[in-house]
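> Task: produce atomic coordinates for the following.
(2 chains)
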Amino acid sequence: KAGVTQTPRYLIKTRGQQVTLSCSPISGHRSVSWYQQTPGQGLQFLFEYFSETQRNKGNFPGRFSGRQFSNSRSEMNVSTLELGDSALYLCASSSRPGANTEAFFGQGTRLTVV
Amino acid sequence: KNEVEQSPQNLTAQEGEFITINCSYSVGISALHWLQQHPGGGIVSLFMLSSGKKKHGRLIATINIQEKHSSLHITASHPRDSAVYICAVLRGSQGNLIFGKGTKLSVKP
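Numbers count the residues shown, from 1 in each chain, chains lettered A, B, ... in the order given. Prediction:
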């Protein structure tokens, strides 16, 4: 069974640009969560999708958005990039929504904003 | 004050030593996760527990709901255990995890 796949693995963008990150969950998993990890703040929850619906959202500005497709693949988008958006973005998939179930993480996308 | 506190922040051990990493939280939770993150970023879920104790190989996780405290133990530590260990809690029924800052473990041969 393939694991959680995140693409791209590394990305360099300029301030003001926008970026789209992709996450393909484990086959059969319909829940995808996104997290941001920075040295200063650690891991923080961004949002969770289940069956194409955003189920939960963390405390991030509206520049951060996401969506989930019918095949459970998810994308997150960050518009008007700021230097502080440089981080490791991780997604995790699980068989059902909520964190009261085992989550499987991808390798992450490391975004650098210059 | 963070809702999830881990200690120690950094830990260096000799191969073979018994290791304990602690996690305290200040909110009501329905589950607690222990995660392992190796250099390069990938995260592996080690345990999810809501009461008692779980064991997997050389790893043992315990939780005391009344005292709002969990511990992760590693017996007979090995250099390949070197990683950052992260505690995360599920607060109530909100469905998202709140993370500790992590404990960086280095096991020397």
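
> Specify the beta-bridge partners of B:Asn22.
B:Ser7, B:Ser71 (DSSP bridges).

> mind checking how far the most centrally placed residue in chain A is from chain B?
Nearest to the mean C-alpha position of chain A, counting by Cα atoms, centre = their mean, stands A:Trp34 at 3.3 Å. Distance, A:Trp34 to chain B, by Cβ to the nearest Cβ, to the nearest Å: 10 Å. Backbone N, C-alpha and C define where each C-beta goes, glycine included.

> do A:Glu75 as well
With Cβ to the nearest Cβ as the criterion, A:Glu75 and chain B are 19 Å apart.

> Show me what from chain B comes close to chain A.
B:30-31, B:33, B:35, B:40-45, B:48, B:50, B:86, B:88, B:90, B:93-102 (Cβ under 8 Å from any Cβ of the partner chain).

> Filter the residues you listed down to the buried ones.
B:30-31, B:33, B:35, B:41-43, B:45, B:48, B:86, B:88, B:90, B:95-102 (16 or more other Cβ atoms under 10 Å in any protein chain shown).

> just checking, which of the residues you listed belong to helices?
Among those, the subset assigned to helices under DSSP state H is empty.

> give me the number of residues near residue 69?
I went with chain A, as the question did not name one. 11 (other Cβ atoms under 10 Å in any protein chain shown).

> not quite, I wanted chain B
Applying other Cβ under 10 Å, we find 15 residues neighbouring B:His69.

> Could you do B:Tyr25 as well?
Using other Cβ under 10 Å, B:Tyr25 has 22 neighbouring residues.

> Who are the packing partners of the helix-or-strand element of chain B with minimal mean pLDDT?
Least confident helix or strand of chain B, by mean pLDDT, DSSP states H and E, is strand B:97-99 with a mean of 90. In this structure, strand B:97-99 packs against strand A:42-50, strand B:83-91, with contacts taken as 3 or more Cβ pairs under 8 Å, 6 or more residues apart in numbering or on different chains; DSSP states H and E.

> ok, residues contacting it?
Contacts to strand B:97-99, defined as Cβ atoms under 8 Å, 6 or more residues apart in numbering or on different chains, come from residues A:33, A:35, A:42-45, A:99, B:3-4, B:25, B:27, B:33, B:86-91.

> Pull out the buried members of those residues.
Buried among the contacts of strand B:97-99 by 16+ other Cβ under 10 Å: A:33, A:35, A:42-45, A:99, B:4, B:25, B:33, B:86-91.

> bridging residues for B:Ser45?
B:Leu35.

> residues in contact with it?
Shown in contact with B:Ser45 (Cβ under 8 Å, 6+ apart): A:Glu102, A:Ala103, A:Phe104, A:Phe105, B:His33, B:Trp34, B:Leu35.

> ok, 7 Å please
Applying Cβ atoms under 7 Å, 6 or more residues apart in numbering or on different chains to B:Ser45 gives the contacts A:Glu102, A:Ala103, A:Phe104, B:His33, B:Leu35.

> A:Ser95: what's its closest spatial neighbour, skipping adjacent residues?
A:His29 (5.4 Å; Cβ to Cβ, 6 or more residues apart in numbering or on different chains).

> which SS state does that neighbour fall under?
coil (DSSP: H, G, I helix; E, B strand; the rest coil).

> Surely it and A:Asn71 touch.
No: with contact defined as Cβ atoms under 7 Å, A:His29 does not reach A:Asn71; the gap is 11.1 Å.

> Of those two, which one has the most company?
Remark: of A:His29 and A:Asn71, A:His29 carries more neighbours, 19 against 11, as counted by other Cβ under 10 Å.

> Sweet, I'm off.
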